[in-house]
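Novice: Quick one, fold the following:
(one chain, ligands or ions: 1)
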Amino acid sequence: MTTPAVPVLPLRPELADEVPYGAPQLDVPVLLNVNENPFAPSEEVVATIAASVAEAARGLNRYPDRDFPGLRQDLADFLAVESGVRLDPSQVWAANGSNEVMLHLLQAFGGPGRTAVSFAPTYSMYPEYARDTHTRWVTGRRAEDFTIDPAAAVALIEAERPSVVLLASPNNPTGTALPRETLEAVLDAAARVPAVVVVDEAYAEFRREGTPSALDLLADHPHLAVTRTMSKAFAAAGMRLGYLAASTALVDALRVVRLPYHLSAVTQAAARAALAHRDSLLAQVADLRAQRDALVAWLRTQRAGGRALQVAETDANFVLFGTFDDRHAVWQGLLDRGVLIRETGPEGWLRVSVGTPAETRAFQDALTDVIAQEE
Ligand code: PMP
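Specialist: Model prediction:
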């Protein structure tokens, strides 16, 4: 028998050494690694979603509404309550997670010969959207405290002349929010290029008192897009529903690049049912915020390797802390004790999501134990 020839696949060369993105999905008791909301939907919410999906199922022989006006109206209504900013449904867009919304943005505004800029450390999917749309990817650095220096941001935008500026607020993995002055400086510089400014507010509902959302700048900035998601505060990561608020002109550009019927009738039905229960789904956000602040305060009292732990200021439902001489050993030690967190961020740092009170306690006990063993 002759050995069959190894097939040669014409893979794009830049993908040759790439691996699929994703945090390890391990079966351990305490999962604090991907910034999910630890509270499952109530039985009442589950029943409404099930009834709404059953209704949608009766029409599954037909394609769903391509422009989903009902869902866009519901999302606009939610934003009006959450942020006091009233938008027309034509200013709202949605897709399968805010990941897909941001891919739409890069498909419409990036592309060959174009540049997207951001500031590292930041969300590790951004360079993938750029790669997948053949957009050049350039990052400036954040300061020691993970903030962005407005003058440096303006200088980078003027030097690189990007068509997209991508900023997370709060930023992942650091938790850092974007102050109003920095965003205004970026918006002004971007308008002169011109570039679209994307503020990724995946964690915005967890922001502290006094931290602004970018939503109220939409009225005066047609080149601003604010992305949100139902994955975090809404406790619906499994639903895959991300959305965006922007000018109607910007949304209309995204409608050109989306695949037809990208948002299934099942997803639309589930999301509308969940939005009808927004109060119950968001009920835990205040608790999670308070727990986050308590966790930050506790971590600041801890020492490792003969020095006090550093803890990044956070407006999100997670905390970046460090530094450890061997962060992998600490991550592994926690995993050995049934607690999965994320080995991410600058060298020496680790990120933990805020869980239920019992999960947070389990993390604290495990970390105390691991640090004691390491000393
Ligand atoms: N933006 C940031 C900053 C994130 O951390 C995440 C998820 N980890 C997302 C966007 C994507 O979330 P989703 O696709 O679930 O909406």
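
Novice: count of neighbours near whatever residue of the chain ends up closest to the ligand?
Specialist: Using CB to the nearest ligand atom, the single residue of the chain nearest to the ligand is G97, 2.7 Å away. Bear in mind the C-beta positions are built from the backbone N, C-alpha and C, glycine included. By other CB atoms under 10 Å, the residues close to G97 number 19.

Novice: what residues does the stretch 51-200 of the chain put near the ligand?
Specialist: Contact residues (CB under 6 Å from any ligand atom) of the stretch 51-200 of the chain with the ligand: G97, S98, N99, Y123, A168, N172, D200.

Novice: Isn't the last one up against S169?
Specialist: Looking back up the chat, that one is D200. Yes: with contact defined as CB atoms under 8 Å, D200 counts as touching S169 (7.1 Å).

Novice: between those two, which one's more packed in?
Specialist: In this view D200 and S169 are compared by other CB under 10 Å, and D200 has more residues nearby, 31 against 25.

Novice: Return the residues in contact with the residue of the chain closest to the ligand.
Specialist: The neighbourhood of G97, defined by CB atoms under 8 Å, 6 or more residues apart in numbering, consists of T229, S231, R240, L241, G242.

Novice: buried residues in the top helix by length along the chain?
Specialist: When the chain is scanned for its longest helix (criterion: DSSP state H), the result is helix 357-374. By neighbour count on 16 or more other CB atoms under 10 Å, the buried set for helix 357-374 is E359, T360, A362, F363, Q364, A366, L367, V370, I371.

Novice: ok, the first one - contacts?
Specialist: Okay, so that is E359. Contacts of E359 by CB under 8 Å, 6+ apart are V30, L31, L32, P38.

Novice: 6 Å - rerun?
Specialist: By CB atoms under 6 Å, 6 or more residues apart in numbering, the contact set of E359 is V30.

Novice: If I look at it, what pLDDT would I see?
Specialist: Looking at E359, its pLDDT stands at 98.

Novice: okay, now D132: neighbour count?
Specialist: A count of nearby residues for D132, using other CB under 10 Å, gives 14.

Novice: what's the closest non-adjacent residue to it?
Specialist: Excluding its sequence neighbours, the residue lying closest to D132 (CB to CB, 6 or more residues apart in numbering) is L103, at 7.0 Å.

Novice: before we move on, which element is the residue lying closest to Y261 once chain neighbours are set aside in?
Specialist: Among residues not flanking Y261 along the chain, Y63 sits closest, at 4.9 Å (CB to CB, 6+ apart). Counting by DSSP states H and E, Y63 is held by no secondary-structure element, helix or strand.

Novice: Next: A185.
Specialist: helix 180-192.

Novice: After that helix, which helix or strand is next? Please name it.
Specialist: strand 196-200.

Novice: which neighbours does that next one have in its sheet, and in what orientation?
Specialist: strand 164-168 (parallel), strand 224-229 (parallel) (DSSP bridges).

Novice: chain center to the last one, what's the gap?
Specialist: Spelled out, it's strand 224-229. Centroid separation for strand 224-229 versus its chain: 10 Å, with CA atoms, centre = their mean, to the nearest Å.

Novice: then the helix or strand just after it to CSV, C-alphas only?
Specialist: Tracing the chain C-terminally past strand 224-229 and defining elements by DSSP H and E, one meets strand 242-246 next. Output of strand 242-246 as CSV, limited to C-alpha atoms (Å, rounded to 0.1, in the frame of the first residue of the first chain):
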residue,chain,number,x,y,z
GLY,A,242,-23.6,41.9,21.8
TYR,A,243,-24.8,45.3,20.6
LEU,A,244,-23.6,48.8,19.7
ALA,A,245,-24.8,52.3,19.8
ALA,A,246,-23.7,54.9,17.2
